[in-house]
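Give me a 3D structure for the following:
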Amino acid sequence: MRTFPSSGLTHRLARLEDLGALRDLMNAAISELQKPFLDERQIASSRTIMGLDTQLIEDSTYFIVESGGELAGCGGWSRRATLYGGDQSPGRSPALLDPARDAARVRAMYTHPAHVRKGVGRLILGLCEEAARREGFSSVELMGTMAGEPLYRACGYEGIERVDDARGGVAVPLLRMRKAL
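As a prediction, this is how the structure comes out:
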């Protein structure tokens, strides 16, 4: 576990025994942080297209951030083709990416509503980018929610494509974003 004294944040790799706590955090984040951007039907639809992909934990590429021993956020990166979505999301692919031509994926980033604007998201992005760079990737991509877009832009990500994902029954606006490492 690594500590950042000025922020009080620590981080570690997620383990399968963290799944219950991670799902609770994700549910709180989706329910609360999307409210200014989505209506109730879109938030419900988001639960189908978002969530935890346990492949990230199995690949040791998923981080937990804690503040004072409390789960403050989570997120990871992937060397696999799936751009976004949880275990329950249709259309996932475990195919490995080629760092020489593909962008690594930043995946499943969530901050607990009680810990927004405390550096949790920036810390996770930094961890993901550093790890992807070490594996030879020269860029990263993510699929941002409207709630996450301001953070991603502030961290150097640029919009590539706006998408409406209706796999959950109602269209949810998303923005595919990319950053050179």
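
Got phi/psi on the residue nearest to Glu58 when sequence neighbours are not counted?
Excluding its sequence neighbours, the residue lying closest to Glu58 (Cβ to Cβ, 6 or more residues apart in numbering) is Leu16, at 7.9 Å. For the C-beta atoms, the positions are set from N, CA and C on the backbone; glycine is no exception. Backbone torsions for Leu16, taken as degrees, to the nearest 10, come to phi -60, psi -30.

wait, what's in contact with the residue nearest in space to the middle of the chain?
Centroid-nearest residue in the chain: Met109, 2.2 Å away (criterion: Cα atoms, centre = their mean). Residues near Met109 by Cβ atoms under 8 Å, 6 or more residues apart in numbering: Gly73, Cys74, Gly75, Gly76, Gly121, Ile124, Leu125, Leu142, Gly148.

coming back round to it: ok, the residue nearest to Glu58 - contacts?
Thr54, Ile57, Glu58.

now swap in Gly156 and tell me
Lys179.

returning to that earlier point: can you name the helix or strand that the residue nearest to the centre of the chain falls in?
Per DSSP states H and E, Met109 falls inside strand 104-111.

Of all the residues in that strand, which ones are buried?
Ala104, Arg105, Val106, Arg107, Ala108, Met109, Tyr110, Thr111 (16 or more other Cβ atoms under 10 Å).

Kindly report the same for stretch 172-181.
Under 16+ other Cβ under 10 Å, the buried positions of stretch 172-181 are Val172, Leu174, Leu175, Arg176, Met177, Arg178, Lys179.

quick one: which of the residues you listed is nearest to Thr48?
Thr48 has its nearest neighbour among these in Val172, at 9.0 Å by Cβ to Cβ.

how about the strands of this protein, start to end?
Along the chain, the stretches classed as strands by DSSP state E are 2-4, 9-13, 62-67, 70-78, 104-111, 139-145, 158-165, 172-180.

Kindly calculate the angle that the last one makes with strand 158-165.
Using axes from the mean of the first three to the mean of the last three Cα atoms, to 10 degrees, the direction of strand 172-180 lies 150 degrees away from that of strand 158-165.

Now do stretch 111-125: everything it contacts.
By Cβ under 8 Å, 6+ apart, stretch 111-125 touches 4, 7, 9, 11, 25, 28-29, 32-33, 63, 65, 67, 70-76, 106, 109, 148, 151-152, 155.

Also stretch 160-176?
37-38, 41-42, 44-49, 83-84, 89-91, 141-146, 149, 159, 177-178.
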